[in-house]
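here is my input; please provide its structure:
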Amino acid sequence: MKYYSLPMEKSPKLVFDLNNGVIKILGRSTMARPQDFYPSVIHLVEEYCENPNQSTRLIIDLEYYNSLSSRFLLRIVELISKIDLKRNHEVSIDWHYDPADKGIAEDISMFSKIIHFRINAIAYELA
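Okay, the predicted model is just below:
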């Protein structure tokens, strides 16, 4: 099953390719009220985590997100990271970011420490 949510001006594009165990969060997340957007996303992630694929990959590629969105992003990476603890599954979290954006790089490191799981910080290759 594939589920797509088209990006709006302030919300990210979501891709849930559940048959292949791939979840993507792409674009920007600058909503003033992310609590109106993310709970349904978290619910989908929770449902997936109950019966995940043998291999799961979360890809986050947000050019920008606000601090209100960050706590929901943390919850999503936390849920995905726990799949590995429950079962002998392969789990990876890849977070793409602009190397000039020190704030996102710091968030990736902080999130990784909070959830006790390695997040692959992948800097864009800038020309």
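
which strand or helix spans L58?
Using DSSP states H and E, L58 falls within strand 55-65.

any buried residues in the following helix or strand past that strand, and which?
Counting by DSSP H and E, the next helix or strand C-terminal to strand 55-65 is helix 67-86. Neighbour-count burial for helix 67-86, counted by 16 or more other CB atoms under 10 Å, picks out 69-70, 72-73, 75-77, 79-81, 83. Yep, even glycine has a C-beta here, placed from its N, CA and C like the rest.

helix 67-86 vs strand 55-65, what angle?
170 degrees (axes from the mean of the first three to the mean of the last three CA atoms, to 10 degrees).

hmm, who's touching helix 67-86?
With CB atoms under 8 Å, 6 or more residues apart in numbering as the test, helix 67-86 has contacts from 23, 25, 29-35, 38, 41-42, 45-46, 49, 52, 56, 58, 60, 62, 65, 89-91, 93, 107, 111, 114-117, 119.

now for the residue most central in space within the chain: which residues touch it?
Geometric centre of the chain, nearest residue: I60, 4.6 Å, by CA atoms, centre = their mean. Taking CB under 8 Å, 6+ apart, we find I60 in contact with 24-25, 73, 77, 93-96.

at 6 Å instead, please
25, 95 (CB atoms under 6 Å, 6 or more residues apart in numbering).

likewise Y65?
So Y65 contacts S29 (CB under 6 Å, 6+ apart).

at 10 Å what do you get?
Taking CB atoms under 10 Å, 6 or more residues apart in numbering, we find Y65 in contact with 12, 25, 27-31, 34, 72-73, 103-104, 107.

one more: Y124?
Y124 touches 61, 63, 96-101, counting by CB under 10 Å, 6+ apart.

again, only using 8 Å
Counting by CB under 8 Å, 6+ apart, Y124 makes contact with 96-99.
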